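>>> Have a look; sequence and predicted model below, questions after that.
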Amino acid sequence: MQAIKYLSLYVDKNALRRVNYAALDVEELGSVYESLLEFHPQVRVSQGIYEFALVYGSDRKTTGSFYTPPQLVQQLIKTALEPVIEEKLYGDQVNFKIIPTPNIEQLQNPNFSVTPRHYVAESEVNQRLAGKWDKEWLLCFRGITLSVNERTAIFSILPKVAVANSAPIILPDVKNPKLINCLLANSNTLTFDFIARQKVGGNNMNFFIVKQLPILSPESYTQENIDFIAPRVLELVYTAWDMQPFALDMGYDGEPFIWNSNRRAILRAELDAYYAKLYGLTRDELRYILDPADVYGADFPSETFRVLKNNEIKQFGEYRTQRLVLESWDKMFGRK
């Protein structure tokens, strides 16, 4: 049991933390493998007591297993591996346009991550962010969109990776990660999306549009607001190990949350209702944002989230988002 403890936990700033083996990179694993090659495991028995010992050996020299500097590894990858990857990616996928959408089994796997189509050196990413951003994660938004999509404004937290101009990144000048958490929540609400739809005229959500959208200021949040918003956003974001740096910055060092579509729908509905109140809306104004026909009748000529409504009626037999958001409002604020 003591051996399992040493393999599973480590001390960081006087606190025990779980070792995330899934996050170990190639260099770290290679270092462990290389070091173990110097030893032969032996089990000794002394007076009925079993002891495990490591005895120096010569496997490292006989197999030629020695440390390779990262600079040389990168050059080998560039000259030998990348051409093979390019051929496999594009040789039989001439019409390849999008990365396949993950299925539910992949979403529920905390070790799953999307395989990118292109690669950029980590050193290049660090160089671009040097002096501008000190987190191991990024806040970005989807640049390609339409005002008639199911959702127009889609903001997300990503691991610190390279992104193209279709996923512009935002580097908030805010030190408190939980306030950045609130910014993310704010940007994904139905109220915010409703306003974004009035601004987006084409299929690009450019920075000049984002800068015009009404975001609640950091100063407007009370501690009570943050305590309500932060844990819900954490549960929505932290569903895989590659988002652990974000979770740690949020003060959470547990395992990723399991992706549960029904649970996620409730959490988002609670945030939608809560932010509608923070924006100063009434229940009827929130009803209008969800579906004007619910307020003014089926003949009313305006619409807001028609695609979302139709998709949910087709999938669930009801406009689920509308029901969940209004139920959350009634639970928190009553029917006024």
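That came in fine, so what should we check first? All of these numbers come straight from a predicted model, not from anything done at the bench.
>>> going forward, measure contacts and count neighbours with C-alpha atoms only.
OK.
>>> list the buried ones in the top helix by length along the chain?
The longest helix of the chain (DSSP state H) is helix 261-278. Neighbour counts over helix 261-278 (16 or more other Cα atoms under 10 Å) mark 266-277 as buried.
>>> Dump these to TSV, plus pLDDT.
As requested, the buried residues of helix 261-278 are exported to TSV (pLDDT from 0 to 100):
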residue	pLDDT
266	97
267	98
268	97
269	98
270	98
271	98
272	98
273	98
274	98
275	98
276	97
277	97
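>>> Same list (those) but as TSV, adding distance to residue 327.
Converted to TSV, the buried residues of helix 261-278 look like this (distance: Cα to Cα, whole Å):
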residue	distance to residue 327
266	10
267	12
268	12
269	9
270	9
271	12
272	11
273	9
274	12
275	14
276	13
277	14
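>>> And this protein, what are its domain boundaries?
Structural domains assigned to the chain are 1-67, 98-333, following automatic domain parsing.
>>> Pull the contacting residues for the residue lying closest to residue 151 once chain neighbours are set aside.
Spatial nearest neighbour of residue 151, excluding adjacent residues (Cα to Cα, 6 or more residues apart in numbering): residue 193 at 7.0 Å. The contact partners of residue 193, by Cα atoms under 8 Å, 6 or more residues apart in numbering, come to 151-153, 187.
>>> out of the residues you listed, who's nearest residue 253?
residue 187 (25.4 Å; Cα to Cα).
>>> ok, that closest one - how many residues close by?
22 (other Cα atoms under 10 Å).
>>> Check the spacing between it and residue 148 real quick.
Distance, residue 187 to residue 148, by Cα to Cα, to the nearest Å: 17 Å.
>>> what about the residue nearest to residue 151, which helix or strand?
Assigned by DSSP states H and E, residue 193 belongs to helix 190-199.
>>> Which element is encountered next along the chain beyond that helix?
Downstream of helix 190-199, the first helix or strand assigned by DSSP H and E is helix 207-210.
>>> what's the following helix or strand past that next one packed up against?
Downstream of helix 207-210, the first helix or strand assigned by DSSP H and E is helix 223-237. Applying 3 or more Cα pairs under 8 Å, 6 or more residues apart in numbering; DSSP states H and E, we find helix 223-237 packed against helix 177-187, helix 261-278.
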